[in-house]
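Visitor: model the following, please.
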Amino acid sequence: MAIVISNGDGIIEEVNAKTEQLFGFESSELIGKTVECLMPDDLMEKHIEHRARYKSKPFSRAMGAGLELVGRKKNGELFPIEIGLSYSRKGDAIRVNSYILDITGRKQSEYISLTQAKTQKDGIEREFQMGHQIQISLLPKEIPHIPGWSVALKWLPAHEVSGDFYDVIDRNNGEHDLLIADVADKGIPAALFMAFANTILRASLDGNSTLQEGITRANQLICQDSSQGLYVTLFVARINTKKGEISFVSAGHNPPLHYSNRKEHYSTLTTKGLPLGIDPKAIYQQQTVQIEPMDFIVFYTDGVTEANDANGDEFGIERLQQVILNQRNATTEEIVYLISKAVNDFIGLDYLKDDITIMVAKRK
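Guide: Numbering: from 1, shown residues only. From the prediction side, this is the model:
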């Protein structure tokens, strides 16, 4: 490496052959000048200030300690360098040894690595964006009209792709299926499993089968084809518009909240059942409840109740229940909006860690 020896005022006293080779000067052209002659013009003034501070309080810096500057060759060419320092004293005078290494090759390698990393990152981002668009294409583009009912929902992925999904299926016989589900994973694996599970569920719920039969069949198919240990929690409700009632099945999902307008309180809708994809022999229960005019049901994924604020506290079921009570006379769209706003206000500047899906169905 190049070695430049100077006094406390920065006057060059001695250089080695590598300095001549690296900077293109003869030693006679450097001796007697200040070390700033080896620097670009825009760094000279700052270095003079640094040199004055160094003279009052000198220190040593080993090579590899991270000080990277820019050197200037005799022909004006600029190039990246790394500087090491040591000093010695003779009375009040100091002698400074500067060790200089050309790091052009290192910087070129770093640039290539950064360029490759950026290219890879851009490719991954494009894949995530494509995955996001594919997911959106699998979700209902619009909510089918359900006579005597109003349905609103919000799907909010924490990242580009989501493990949450929902469906609203018109069965063309006065019945409609409302489905909300959450894959127990995040990222691309969850998104792929979401697409797979959604397809299986739609096929299994088609036809004249009961919800219990459809979910049992879907679980068997998902268990048969799932080899990655993934599973999905699910709640599905079948609205019978003629009878004003819903039948429902839960597969380990958060129980929806049913608000009774007449009784002015809410209750939970729950049945026993393992998430889909765990046990092909799992048994699912089906229940039916009457839904009176102005009653509504709030379906949600655990991204709502498990949302954390900056202190790590959860939004929780109690806050969700309070929002529902406060907004019991609102429209479905307003209830969905106000729940999502309450969650957002709770987490504040903290980022969303889990996907959120909210669906509200209200009988008119």
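
Visitor: burial of Val35, as a residue count?
Guide: The number of residues packed near Val35 is 21, by other CB atoms under 10 Å. Where you see a C-beta, it was placed from the backbone N, CA and C, and this is true even at glycine.

Visitor: give me the phi and psi for it.
Guide: Backbone torsions for Val35, taken as degrees, to the nearest 10, come to phi -60, psi -20.

Visitor: how close does it sit to Ser113?
Guide: Using CB to CB, to the nearest Å, Val35 is found at 32 Å from Ser113.

Visitor: likewise Gly244?
Guide: In terms of CB to CB, Gly244 sits 65 Å off from Ser113.

Visitor: and for Glu82?
Guide: Here Glu82 is placed at a distance of 18 Å from Ser113 (CB to CB).

Visitor: what's the answer for Met194, then?
Guide: Applying CB to CB, the value for Met194 to Ser113 is 35 Å.

Visitor: more neighbours: which of the two?
Guide: Legend: neighbour count by other CB under 10 Å for Met194 and Ser113, higher for Met194 (25 against 10).

Visitor: average pLDDT for the helix or strand harbouring that one?
Guide: Counting by DSSP states H and E, the element that carries Met194 is helix 187-205. For helix 187-205, mean pLDDT is 84.

Visitor: go through that helix and flag the buried ones.
Guide: Of all the residues in helix 187-205, those buried under the rule 16 or more other CB atoms under 10 Å are 190-198, 200-202, 204-205.

Visitor: JSON lines for those, including distance to Val289?
Guide: Putting the buried residues of helix 187-205 into JSON lines (distance: CB to CB, whole Å) gives the following:
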{"residue": "Ala190", "distance to Val289": "31"}
{"residue": "Ala191", "distance to Val289": "33"}
{"residue": "Leu192", "distance to Val289": "35"}
{"residue": "Phe193", "distance to Val289": "31"}
{"residue": "Met194", "distance to Val289": "28"}
{"residue": "Ala195", "distance to Val289": "31"}
{"residue": "Phe196", "distance to Val289": "31"}
{"residue": "Ala197", "distance to Val289": "26"}
{"residue": "Asn198", "distance to Val289": "26"}
{"residue": "Ile200", "distance to Val289": "26"}
{"residue": "Leu201", "distance to Val289": "22"}
{"residue": "Arg202", "distance to Val289": "24"}
{"residue": "Ser204", "distance to Val289": "23"}
{"residue": "Leu205", "distance to Val289": "19"}
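
Visitor: and stretch 158-176, end to end?
Guide: End-to-end distance of stretch 158-176: 28 Å, with CA to CA, to the nearest Å as the criterion.

Visitor: now find how far off-centre it is within its chain.
Guide: In terms of CA atoms, centre = their mean, to the nearest Å, the centre of stretch 158-176 is found 23 Å from the chain centre.

Visitor: ok, now stretch 201-214?
Guide: Stretch 201-214 sits 34 Å away from the centroid of its parent chain (CA atoms, centre = their mean).

Visitor: export only the CA atoms of it, formatted as CSV.
Guide: The C-alpha trace of stretch 201-214 is given here as CSV (Å, rounded to 0.1, in the frame of the first residue of the first chain):
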residue,chain,number,x,y,z
LEU,A,201,-64.4,-25.0,-0.6
ARG,A,202,-66.4,-23.6,-3.5
ALA,A,203,-66.5,-27.0,-5.2
SER,A,204,-67.5,-28.7,-1.9
LEU,A,205,-70.2,-26.3,-1.0
ASP,A,206,-71.8,-26.5,-4.4
GLY,A,207,-74.9,-28.6,-5.0
ASN,A,208,-77.5,-29.7,-2.5
SER,A,209,-75.3,-30.7,0.4
THR,A,210,-75.6,-29.2,3.9
LEU,A,211,-72.9,-27.0,5.2
GLN,A,212,-71.8,-29.8,7.5
GLU,A,213,-71.4,-32.2,4.6
GLY,A,214,-69.7,-29.6,2.4
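
Visitor: got the contact list for that stretch?
Guide: Here stretch 201-214 makes contact (CB atoms under 8 Å, 6 or more residues apart in numbering) with 167, 169, 177, 179, 181, 215, 217-218, 221, 234, 236, 238, 247-249, 284-286.

Visitor: can you check stretch 222-233 too?
Guide: Residues outside stretch 222-233 that contact it (CB under 8 Å, 6+ apart) are 163, 181-185, 189-190, 193-194, 196-197, 200, 251-254, 275-280.

Visitor: repeat for stretch 317-337
Guide: When contacts are defined by CB under 8 Å, 6+ apart, stretch 317-337 is touched by residues 150-154, 257, 259, 261, 264, 266, 296, 298, 300, 304-305, 338-339, 342, 346, 358-362.

Visitor: pop the domain breakdown of the chain in here.
Guide: Taking automatic domain parsing as the reference, the chain has its domains at 2-104, 124-363.

Visitor: take those domains and write them to CSV, including distance to Lys118.
Guide: Compiled in CSV, the domains of the chain are given as follows (distance: least, CB to CB, whole Å):
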stretch, distance to Lys118
domain 2-104, 20
domain 124-363, 10
